[in-house]
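[1] Turn this into a model:
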Amino acid sequence: MMCCPYFRISAALFGVAAVGGAVWTGTHRAQAAPSAETKAALTQGFAKGNPDHKSIGPLAFSPQGVLFFADDQGGAVYGVDLDEKASQAAPFSKVPDLGATLAARLGTTVKGIQIKDVALSPVSHSLYLSVRKLDGADQNAENPANYALFAVDPQGKVTPVDLAGKRFGKVAVGGQKDARNPTAISDIAYAKGRVLCAALSKEQFSSNLVSVPVPFNASGVDRFATSIYHPSHKRQETASPIQTLTVYRDGDREYLMAAYVCTPVVRFNLEDLKPNESVTGATVAELGSGNKPMAMIAYGKPGSQSLLLNNSSFGILKVDAAIAKETSAINQMTKADRGGRGSTPYPGIEPIASLKDAKAYAASGDGIVVVMGTADNLSLEQMPAP
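    Sure, this is the predicted structure:
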């Protein structure tokens, strides 16, 4: 997930939805996931065309290789059939000139680009990067010319991805932005027939989590409010903005992990999600006040997955599997608390010194793939999981 000093809080509104160029207004009722998650089932209704996105932000893949991205300026989710070929090639060890290559394609320097997100294709094993150009005459955040999608194949070759003419679908989530909340969708994740979006609404129903069914269907878009215990605030809270989220696998069950400002980490049972209702999560950790989480991934084998979270104040922290899976010491009883300003060390919530220069990362087999560097240089590296 994205990992850089660009905070994404969102405010979603009820809106219209489009698939493959068709547009309709959506009523909100539950829809079951497809019975068979084949690529053909997930891309039902996709059509060739030119996506009308304003931006390319958070990325996610289905296990079948369907790419989903959030238009975090336009408040929509797109699905794209990349038509990839399966690959079993061993991954590259390092791409030392990644930043220069991306910047040259966008007509700028390394200082003028922002890595929005990265995601690894389970089919081709190529790494996809969403990138934004920050400088130049037109710095409008809603100008699609300032965004690009790139792929890095297992041999380390960097190629721009042209979305024109590919089969795609679109569902509008809606959104309103302001100076404090510059994006409509702050993160997305794929989970068994749906794309989960962190998107805050201040309309009649104050939701902060949106579920988009796959295959796309406007009438199946559901909204939920999350109720969490916030250790720093010492109270139960609803509709706080989710900053980043990821799917967490424990055996054959999937959960949603979400991180909030100041900085509780909360686990939700996906089976508890009910449309237009509040779902209560289990707060498993408190990273510390005065902080915003910016990116989170789960990695490792199902049943022993740990978390990596990048934070505005504390850098990248690892949350051990034992904490992420905790079922007794949760909410008011949680002991995994780094205290005010994150100043109290806690075993199992550890900063990762080797990732202090990481700009973005994704799980990759038994390890992680990381965009490393400074404002002057970016490289792409395969690293052991911390």
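[2] Could you give the separation of stretch 283-302 from the chain centroid?
    Mean-position distance between stretch 283-302 and its chain equals 13 Å (Cα atoms, centre = their mean, to the nearest Å).
[3] can you give me the mean pLDDT across it?
    Average pLDDT, stretch 283-302: 95.
[4] how near is the residue of the chain positioned farthest from its centre to residue 346?
    For the chain, the largest distance from the centre (Cα atoms, centre = their mean) belongs to residue 137, which lies 29.3 Å off. Separation of residue 137 from residue 346 (Cβ to Cβ, to the nearest Å) stands at 48 Å. All C-beta atoms are positioned from the backbone trio N, CA, C, and that covers glycine.
[5] Same check on residue 129?
    The separation that residue 129 has from residue 346, given Cβ to Cβ, amounts to 33 Å.
[6] These two - which one has more neighbours?
    residue 129 (26 against 18; other Cβ atoms under 10 Å).
[7] quick one: strands adjacent to the helix or strand hosting the more buried one?
    For residue 129, the host element (DSSP states H and E) is strand 127-133. Paired strands of strand 127-133, with direction, are strand 113-120 (antiparallel), strand 147-152 (antiparallel) (DSSP bridges).
[8] model confidence over that strand, on average?
    Strand 127-133 comes out at a mean pLDDT of 98.
[9] Tell me the gap between that strand and the middle of its chain.
    That offset, for strand 127-133, works out to 13 Å (Cα atoms, centre = their mean).
[10] contacts for that strand?
    With contacts defined as Cβ atoms under 8 Å, 6 or more residues apart in numbering, strand 127-133 is touched by 55-59, 67, 69, 102, 106-108, 112-121, 146-152, 161, 360, 362, 364, 369, 371, 380.
[11] repeat that with 6 Å
    Residues from elsewhere that reach strand 127-133, judged by Cβ atoms under 6 Å, 6 or more residues apart in numbering: 56, 59, 102, 106, 108, 113-114, 116-120, 146-152, 369.
[12] repeat for stretch 236-254
    With Cβ under 6 Å, 6+ apart, stretch 236-254 has contacts from 9, 186-187, 189, 191, 198, 200, 206, 208, 225, 227-230, 255, 257-260, 270, 278, 292-293, 295-298, 302-303, 305, 325.
[13] Over to that stretch now: how far is its first residue from its last?
    One end of stretch 236-254 to the other measures 24 Å (Cα to Cα, to the nearest Å).
[14] I'd like the mean pLDDT over that stretch, please.
    92.
[15] Off-centre distance for that stretch?
    On the basis of Cα atoms, centre = their mean, the separation between the geometric centre of stretch 236-254 and that of its chain is 11 Å.
[16] buried stuff in it?
    For stretch 236-254, the neighbour count (16 or more other Cβ atoms under 10 Å) marks 239-250, 254 as buried.
[17] hmm, back to that, the contacts of stretch 236-254, buried ones only, as a PyMOL selection?
    Here is the PyMOL command that selects the buried residues among these (16+ other Cβ under 10 Å):
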select buried, resi 9+186+187+189+191+198+200+208+225+227+228+229+230+255+257+258+259+260+270+292+293+295+296+297+298+305+325
